[in-house]
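Colleague: Provided below for reference: sequence and predicted model.
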Amino acid sequence: MRPVEYAQILLGCLGEAISGGPDPIDAEYVCLRFGGDVSPSLGTSTDECCTGLAWVRVVGVARTGPETDDPSFNTCLHAGRRLTLEMGTARCIPYGTVQRPTSCEDWTAAALRMDADHAAMEAALCCFRDAVSVMPYAPYAIVVTEYQPAGPDGNCLTGTLQLTLDYSCRCGS
């Protein structure tokens, strides 16, 4: 399988999990993203932080296996790959008014929303594991990193969770 195909499976699991949470994200804002990081978009009538945004992106693909300088060594046929995927969500920061700053209750609600998003990511991991474990050439190792909250940045709070999976390289697949 190609890395993006693994990403699409994870995205389906994340979309399902985030849609069943206490503050679901509309399916049109659950998407694959590309690049070194994800920056929620801001338009004249839509702010992806305030609509809620959930994503999966390919962070990187590395060759694993024996190191060799032998020119006859075919790295595709004899090496595995380590794929790193990222799940993330972005939400709007709470706002106060000119007269009063954001209340503790508003910040608590935002923290609880981000915690629910993290729980959805954890559920998506279980869904993903179950989905890929029955596939031919299933990944033989899946490792999850720590959840990383971030922000506020602009008007966004974000949280990300990365996982790596090791799988055998199959040429042409």
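Modeller: Sure thing, it's come through. Residues are numbered from 1 along each chain as shown.
Colleague: List the buried residues of the lengthiest helix in the chain.
Modeller: Looking across the chain with DSSP state H, the single longest helix is helix 104-133. Neighbour-count burial for helix 104-133, with 16 or more other C-beta atoms under 10 Å as criterion, is recorded at 110, 113-114, 116-118, 120-121, 123-125, 127-129, 132. Heads up, the C-betas are built off the backbone N, CA and C, glycines and all.
Colleague: who are the neighbours of the helix or strand in which R81 is found, in terms of helices and strands?
Modeller: Taking DSSP states H and E as the definition, one finds R81 inside strand 80-92. Contacting strand 80-92 under the criterion 3 or more C-beta pairs under 8 Å, 6 or more residues apart in numbering; DSSP states H and E are the following elements: helix 3-19, helix 48-51, strand 53-64, helix 104-133, strand 156-168.
Colleague: Between the buried residues of helix 104-133, which sits nearest R2?
Modeller: V132 (13.2 Å; C-beta to C-beta).
Colleague: Look up how far A123 lies from L14.
Modeller: Per C-beta to C-beta, to the nearest Å, L14 is found 9 Å from A123.
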